[in-house]
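Student: quick one: sequence and predicted model below, then my questions.
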Amino acid sequence: MKKSSTKLLLQYILWTFLITYCSWGILILASQMGRLELRTPLGMLLLTIGGSGPPLAAYFILRHYRKISGFKPFIKEAFAVKQPLMAYIIVFIFTTAYFGIPALLGGSTSNSPIYMAVLSIPIMIIGGGLEELGWRYILQPMLEKKIGFFRAVLVTSVIWAVWHIPLFFIKGTSQYNWNFGLFTLMVIGLSFALAVIYRLSKSIWLCILFHSLINAFSASWVMDERLFIKLVTTIGIITIALVLLFIQRGKAKHILDIMENTKKVMR
């Protein structure tokens, strides 16, 4: 990785955490002192600003290094919904696995009507999905160039999980009653899924969509806080990701073989 790329990556991580931890830190302190509650306008504003740390940092860092020309192309890239059908099918496969595996194991409960989850997808794009403009658009690809795909996924998983830590101290958030270790385990599985989605499609929109679907439908299908359920689900998602990578590499090798045979015929 070039020195400038390393600097860009480090600055992205620094500013992401600075924006998020300052906003959520203020919310934690104010709520602990009894001065502020999450479900107030100011509380939700601080929560939203903190959650916007990854895309905000991504935009300003990319603009600073002239990797993008402005806000319009940045948003256009984020919402490039015109993608091949197969790419959407891959998103569907991962989403089904995430909720289907726990359901088959008897490790999930229905908490609210599915239509509520569907209606909340646009909200979840803002409240979670846009994080992918940082995690999968900058962090994962740049780490891959430095340390390879698999290690990049693991490092991204750790950074992504640690970034969420303040939410575990804010009463009223989903994470407040969760186990951080089990959460991190699931983050690893999701990181493999998201990394493969981006690797196969080169579409950050599909990563945003998948992230939003997970957040939206998690309100309808609540996964049990049990190690066995989350471990099996994570293993299942990683297995699907590896199979898709294997298929992709097989196709790439097949294309190279065809090209090589064509050259031999033409000689």
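Tutor: Looks like it arrived, so ask away.

Student: correct me if wrong, but T109 is in a helix.
Tutor: No: under DSSP: H, G, I helix; E, B strand; the rest coil, T109 sits outside any helix and is assigned strand.

Student: ok, it - contacts?
Tutor: Listed by CB atoms under 8 Å, 6 or more residues apart in numbering, the contact partners of T109 are 221-222, 224. Yep, even glycine has a C-beta here, placed from its N, CA and C like the rest.

Student: drop anything exposed from these.
Tutor: If you count burial by 16 or more other CB atoms under 10 Å, the buried members of the contacts of T109 come out as 221-222.

Student: with distance to L231 as added columns, please give the contacts of T109 in a markdown table.
Tutor: Formatted as a markdown table, the contacts of T109 follow (distance: CB to CB, whole Å):
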| residue | distance to L231 |
| --- | --- |
| W221 | 18 |
| V222 | 17 |
| D224 | 12 |
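
Student: pLDDT below threshold where in the chain?
Tutor: Low-confidence segments of the chain (pLDDT under 70): 1-3, 251-267.

Student: need the strands for it, in chain order.
Tutor: 108-110, 221-223 (DSSP state E).

Student: so for F99, which of those sits nearest?
Tutor: Closest approach to F99 among the strands of the chain (CB to CB): strand 221-223, 5.0 Å.

Student: which residues touch that closest one?
Tutor: Contacts of strand 221-223 (CB under 8 Å, 6+ apart): 99, 102-103, 107-111, 186, 229-230, 233.

Student: which ChimeraX command selects the buried ones in these?
Tutor: To isolate the buried subset of the contacts of strand 221-223 in ChimeraX, counting by 16+ other CB under 10 Å, use the following:
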select :99,102,107,108,186,229,230,233
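
Student: and the contacts of strand 221-223, which is closest to V158?
Tutor: Scanning the contacts of strand 221-223 for proximity to V158, where the rule is CB to CB, the winner is M186, at 13.3 Å.

Student: list the contacts of that closest one.
Tutor: M186 makes contact with 223, 230, 233-234, according to CB under 8 Å, 6+ apart.

Student: out of these, which comes closest to E144?
Tutor: When the contacts of M186 are compared against E144 (criterion: CB to CB), the nearest one is T234, at 20.7 Å.

Student: from S201, how far out is the closest one?
Tutor: 22 Å (CB to CB, to the nearest Å).

Student: between those two, who's got more neighbours?
Tutor: T234 (22 against 18; other CB atoms under 10 Å).

Student: contact partners for the residue lying closest to the more buried one once chain neighbours are set aside?
Tutor: Once flanking residues are discounted, T234 sits nearest to G189: 3.5 Å by CB to CB, 6 or more residues apart in numbering. Counting by CB under 8 Å, 6+ apart, G189 touches 98, 233-238.

Student: try S203
Tutor: 80, 83, 87, 197.

Student: now those residues as TSV including neighbour count?
Tutor: As requested, these are exported to TSV (neighbours: other CB atoms under 10 Å):
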residue	neighbour count
A80	14
Q83	16
A87	17
I197	26
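
Student: quick one: which of the residues you listed is nearest L154?
Tutor: I197 (17.0 Å).

Student: isn't the closest one up against F210?
Tutor: Yes: if you go by CB atoms under 8 Å, I197 and F210 touch, sitting 6.0 Å apart.

Student: which neighbours do those two share?
Tutor: Shared contacts of I197 and F210, defined by CB under 8 Å, 6+ apart, are found at 91, 94.
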